[in-house]
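> with the input below, show me the fold.
(chains A and B)
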Amino acid sequence: NTGNEWGTEEPLKEEVTGLAVNVDLQTDATLQVDISDALSERDKVKFTVHTKSTLPNFKQNEFSVVRQHEEFIWLHDSFVENEEYAGYIIPPAPPRPDFDASREKLQKLGEGEGSMTKEEFTKMKQELEAEYLAIFKKTVAMHEVFLCRVAAHPVLRKDMNFHVFLEYNQDLSVRGKNKREKMEDFFKNVVKSADGVLVAGVKDVDDFFEHEKTFLLEYHNRVKDASSKSDRMIRSHKSAADDINRIASTLYTLGTQDSTDVCKFFLKVSELFEKTRKIEARVAADEDLKLADLLKYYLRESQAAKDLLYRRGRALVDYENANKALDKARAKNKDVLQAETSQQVCCQKFEKISESAKQELIDFKTRRVAAFRKNLVELAELELKHAKGNLQLLQSCVGVLKGDT
Amino acid sequence: MAASSPRNPPPLPGADNQDPLSEMADEDSDEGEDIFVGNSNPVAESFQTDTANGEEPADLFSEEEISTTVNSSITTTKSNGVHSDNENDLFAEASVELSMENPSTIARENPTTTAKTSGAEFTPSRTQTQPKSIEQLEEDKDEDSFDMDVAVTNPEKIGDGMNAYIAYKVSTRTTLPMFKNRTFSVWRRFSDFLGLYEKLSVKHSLNGCIIPPPPEKSIVGMTKVKVGKEDSSSADFVETRRAALERYLQRVVCHPSLLQDPDVREFLERDELPRAVGTHTLSGAGFLKMINRASDAVSKMTVKISDSDAWFDNKLQEVESEELQLRKLHAVVESLVNHRKELCGNTAVFAKSMAMLGNSEDNTALSRALSQLAEVEDKMETLHQEQAASDFFILAELLADYIRLLGAVRGCFEQRMKTWQRWQEAQSTLQKKREVEAKLLWANKPDKLQQAKEEITEWEGKVTQYERDFDRISVTVRKEFLRFEKEKSKDFKSQIVKYLESLLQSQQRLVKFWEAFLPEAKAIG
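This is a model prediction of the structure:
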């Protein structure tokens, strides 16, 4: 059960697993990971990571630990920094839980309490609570998806750090990065992007990778665009639903001023709007889940795929440079052995990455198509369900109102 | 309609317009409508001298904040209107087609077709068949059923540059004998409508009539039109105004007393109307301002008139609180319109980006599905646009109209208060005169005594007259108010149902869109 700073207990599980953006999660009996519970405290979220496994590596078959966001990041970064995994798409890290906006709204509501009626206040509080809960569920889902992707990956699932993450029931003592480390990261990224540009410029002999490079670059940009546009659209939708809410309230006030038949009329319409705006709010929320979140996720995954291509490109450049160095050494007949070993290392590294990268990119495509299919179908079904619900409400209300007049 | 009474010489300044009314007192008919006959221009002139015309001749509908009893939390308040300067930005991005699809178009295209279209949209002038319930009214004979439809259509820009204006075709269809023809049209411009309002105000509001207010002037909106901006915002502005003028006229002809006014007939029938020159200099403007300022003073008085006054007090309170709520509601509806427009724009942009994404996608089936989704979103954009138009033209404008009307109702109540005040003051003056007489009697000054007696007689007459005026206006206000309530109830019900039906249609189309898309989504993979 989840408790949160609102003091309400809310069941968690109902929608979380349905949110799995990545469809290709083999329910492999050898290792199953999920987030069975979560607790939101003042400034952090505690996730209960639950594992079921038949693998010999673990002491028990089923166990749980509590983890925080920073520990997920630690795990993700450890994958990225591991040279052995250079040839894989590292599952993107979950975004930091962000309740700031929600908290701000709550604060504003508290400040404005004096200027609104009790009903209005209660109503708005309920909505903010619902919003908070939705954000909460989302962040849980995203953390879960990350773990599931790792567990599903044939190589990453064997990673030591991953096992420690799953099993070690004490705090991992992973502190967040301090300022200096963050600066280092920043510069690393700058260097990487500059490098990335250079590396991308190198034409690849391999058609497959050349095509993938072009494709991913364009795709990533367009997903980014679609993601931000979808957010904006959904925000407007939510605002419109909020307005309908206020209309319902004001109509209610008008309706309670008297008991004339026009007042009764207002009350009925107010009731209708109350219901339709709940549906509108659900529509916006479902669009958010099925469309906006989908796009956001593939924004991150396509970035991870790009990173893989970059690493391969880097390895290729290193290999080519090593070749040139070897030629030079042979020509001068100086340090030839050293150059030979260096060239061999680079060659192996490059070939290893290339081999796994190809499969990873193919899998990425498969996963992507499946995820889009699942979410678009669900989106259409939900939109239909809500539109039909709205329609029914409107039809019955109009019928009643016309009958009365 | 009674024959027009002989013109009265302009009353002396300072003497209130008692002459036409004292004439009526002789006839003492209880026909409500006759009260207003004969209140022609002399009244206007006398009034003009009375009112402070050293005043800045600001327009009747200028944007100053005059209203009194409105809650201070509302920021845009005008004497008669509701909109802020931004009204014309409402549809800055909507296409011109918008104006073609809104419900008012029905009336526009067929001004001479059945009453159902134009008349029935707002205040069907035809159905005033039943007299009002007996408990309220003595005089019912003026509630004949009559067949009368007006429509305002075909806005056309005449002229160029800053002297340009929009001319509207005002078409009437009627079976009433007082008109020369059964169907006829004239061309009118906005200032003509304002002129009509001011003439009617001057004549009838003193008697407690609720005069429907016309739409507000809009300098910004008109300037855009004049300057020749052929964009959607000026098209929307013109359409909004046309619809508002139509509703205004429909309310006027719906009013049994106002319909009898020769100015109304002239407005509808006469080919060339003398230009309402400088509508801001007409007495109506000063008159209305005075009413509003007077209401300030009056509402601060905590005087009880009489026990029967409880009805008026209650009703005034109801009106005030209703006006407050309507203003609130209007503000929220405007917010909804804006958010829907925003949603419309954002959906269009999103649709494009989905199309682009579909193009990049190298899986064929997914690519096609994404393009289809982009198309669905495009259709949703159109849907949102039309819905925003409904929100505005059906709901927001309804609220705006009634906010203005409630202002007029308040003015009406305040007019009654003024009449009461006048009576009371006359009574106290009479009392003073009597005291003077008593003193003179005691002091034994026969010559002054004579004058004193004459004055007493004069003031006794006035007191009687003013009391009668007060009773009469009370009856009128009551009748007017009940009629107004009935109209309002009908209006709100029909408009809101219409709005809900538009919502219904939107949802039906939504269902179709998604039903078409679902198989496409399932076909992926």
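
> strands of chain A, start to end?
Counting by DSSP state E, one finds strands in chain A at the ranges A:2-3, A:9-10, A:31-40, A:45-53, A:62-68.

> dump these to CSV, plus mean neighbour count.
From N, CA and C alone the C-beta is placed, and that goes for glycine too. Below are the strands of chain A laid out as CSV (neighbours: other CB atoms under 10 Å in any protein chain shown):
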stretch, mean neighbour count
strand A:2-3, 16
strand A:9-10, 13
strand A:31-40, 20
strand A:45-53, 19
strand A:62-68, 17
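
> rank those by pLDDT, which is bottom?
Between those, the one with the least mean pLDDT is strand A:9-10; it has a mean of 37.

> just to revisit the earlier point, let's have the strands of chain A in TSV, adding distance to chain B.
Written out in TSV, the entries for the strands of chain A read as follows (distance: least, CB to the nearest CB, whole Å):
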stretch	distance to chain B
strand A:2-3	32
strand A:9-10	29
strand A:31-40	25
strand A:45-53	29
strand A:62-68	34
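
> tell me which of the ones you listed sits nearest to A:I279.
Of all the strands of chain A, strand A:9-10 sits nearest to A:I279, with 20.8 Å by CB to CB.

> still on that earlier bit, save the strands of chain A as TSV, and put in distance to A:V140 too.
Conversion of the strands of chain A to TSV gives the following (distance: least, CB to CB, whole Å):
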stretch	distance to A:V140
strand A:2-3	9
strand A:9-10	11
strand A:31-40	5
strand A:45-53	7
strand A:62-68	12
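
> would you map out the domains in chain B?
B:145-273, B:310-524 (the TED database).

> ok, which of those domains comes nearest A:V150?
Counting by CB to CB, and looking across all of these, nearest comes domain B:310-524 at 25.1 Å.

> could you pick out the longest helix of chain B?
When chain B is scanned for its longest helix (criterion: DSSP state H), the result is helix B:446-522.

> one step back: what's the least confident stretch among the domains of chain B?
That would be domain B:145-273, which, of all these, carries the lowest mean pLDDT at a mean of 85.

> once you drop chain neighbours, what's closest to B:R368?
Taking CB to CB, 6 or more residues apart in numbering or on different chains as the measure, B:R368 lies nearest to B:E520, with 6.9 Å between them; neighbours along the chain are not counted.

> any idea which of the strands of chain A gets closest to B:D261?
When those are compared for distance to B:D261 using CB to CB, the nearest one is strand A:9-10, at 66.1 Å.

> burial count for the closest residue to A:A241 other than its chain neighbours?
Counting by CB to CB, 6+ apart, the nearest residue to A:A241 once its immediate chain neighbours are dropped is A:E280, at 4.0 Å. Neighbours of A:E280 under the rule other CB atoms under 10 Å in any protein chain shown: 21.

> what's the pLDDT at A:E280?
As predicted, A:E280 sits at a pLDDT of 93.

> ok, it - contacts?
Taking CB atoms under 8 Å, 6 or more residues apart in numbering or on different chains as the contact definition, A:E280 lies against A:237, A:240-241, A:244, A:390.

> now do 10 Å
Listed by CB atoms under 10 Å, 6 or more residues apart in numbering or on different chains, the contact set of A:E280 reads A:237-238, A:240-245, A:273, A:386, A:390.

> neighbour-wise, which one of the residues you listed leads?
Highest neighbour count within those: A:A240, with 27 neighbours (other CB under 10 Å).

> I'd assumed B:E342 was in contact with it.
Yes: look at A:A240 against B:E342 with CB atoms under 10 Å: they come within range, at 8.3 Å.

> mind listing the helices for the stretch 51-200 of chain A?
Listed in chain order, the helices found in the stretch 51-200 of chain A under DSSP state H, counting those that start in this stretch are A:69-81, A:100-111, A:118-152, A:160-167, A:179-201.

> can you give me how far the longest one is from the chain middle?
Read it as helix A:118-152. Centroid separation for helix A:118-152 versus its chain: 13 Å, with CA atoms, centre = their mean, to the nearest Å.

> for it, which positions count as buried?
By neighbour count, and taking 16 or more other CB atoms under 10 Å in any protein chain shown as the criterion, the buried residues in helix A:118-152 are A:120-121, A:123-124, A:127-129, A:131-152.

> and stretch B:502-510, does that touch chain A?
Yes: counting by CB under 10 Å from any CB of the partner chain, chain A has neighbours in stretch B:502-510: B:502-510.

> list the contacts of B:I496.
By CB under 10 Å, 6+ apart, the contact list for B:I496 reads A:251, A:262, A:265-266, A:268-269, A:272, A:398, A:401, B:394-395, B:398.

> now, of the residues of stretch B:502-510 next to chain A, which are buried?
Neighbour counting with 16+ other CB under 10 Å marks B:502-507, B:509-510 as buried within those.

> hang on, isn't B:M148 packed against B:C254?
Yes: under the criterion of CB under 10 Å, B:M148 is in contact with B:C254, at a separation of 8.0 Å.

> thinking again about what came up before, do you know how far the residue nearest to A:A241 is from chain B?
Here the criterion is CB to the nearest CB, to the nearest Å. By it, A:E280 lies 11 Å from chain B.

> which residues of the stretch 301-405 of chain A lie near chain B?
Proximity of the stretch 301-405 of chain A to chain B is confined to A:365-366, A:368-370, A:372-395, A:397-398, A:401-402, A:404-405 under the rule CB under 10 Å from any CB.

> and the stretch 51-200 of chain A, which residues reach chain B?
Residues of the stretch 51-200 of chain A found near chain B (CB under 10 Å from any CB) are A:S115.

> show me what residue of the stretch 51-200 of chain A gets nearest to chain B.
Across the stretch 51-200 of chain A, the shortest distance to chain B (CB to the nearest CB) belongs to A:S115, at 8.3 Å.

> these two touch, right, that residue and A:M124?
No: taking CB under 10 Å as the definition, A:S115 is not a contact partner of A:M124, at 11.6 Å.

> so how far is stretch A:140-155 from its chain's centroid?
For stretch A:140-155, the distance between its averaged C-alpha position and the chain's averaged C-alpha position is 11 Å (CA atoms, centre = their mean).

> what mean pLDDT would you report for it?
The average of the pLDDT scores along stretch A:140-155 is 92.

> kindly export that stretch (C-alpha atoms) in CSV.
As requested, the backbone C-alpha atoms of stretch A:140-155 are provided in CSV (Å, rounded to 0.1, in the frame of the first residue of the first chain):
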residue,chain,number,x,y,z
VAL,A,140,6.9,3.9,-10.2
ALA,A,141,6.2,2.5,-13.7
MET,A,142,9.2,4.0,-15.2
HIS,A,143,11.5,2.7,-12.6
GLU,A,144,10.0,-0.7,-13.0
VAL,A,145,10.4,-0.7,-16.7
PHE,A,146,14.1,0.0,-16.3
LEU,A,147,14.6,-3.0,-14.1
CYS,A,148,12.5,-5.2,-16.3
ARG,A,149,14.6,-4.3,-19.3
VAL,A,150,17.7,-5.1,-17.5
ALA,A,151,16.3,-8.4,-16.3
ALA,A,152,15.2,-9.3,-19.8
HIS,A,153,18.6,-8.6,-21.4
PRO,A,154,20.6,-11.8,-21.8
VAL,A,155,23.9,-10.2,-20.7
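
> okay, now A:M183: neighbour count?
Other residues near A:M183 number 11, with proximity taken as other CB under 10 Å.

> gap between A:Q338 and chain B?
Summarising the geometry, the distance separating A:Q338 from chain B, computed by CB to the nearest CB, is 44 Å.

> which residues sit in contact with that residue?
When contacts are counted by CB under 10 Å, 6+ apart, A:Q338 touches A:325-326, A:329.

> any buried residues in stretch A:341-356, and which?
For stretch A:341-356, the neighbour count (16+ other CB under 10 Å) marks A:342-343, A:346, A:349-350, A:352-354, A:356 as buried.

> same thing with stretch B:405-425?
The neighbour-count check on stretch B:405-425 (16+ other CB under 10 Å) flags B:405-424 as buried.

> could you do stretch A:102-115 as well?
Residues A:102, A:106 are the ones in stretch A:102-115 that count as buried (16+ other CB under 10 Å).

> domain-wise, how is chain A divided?
A:11-101+A:130-172, A:226-404.
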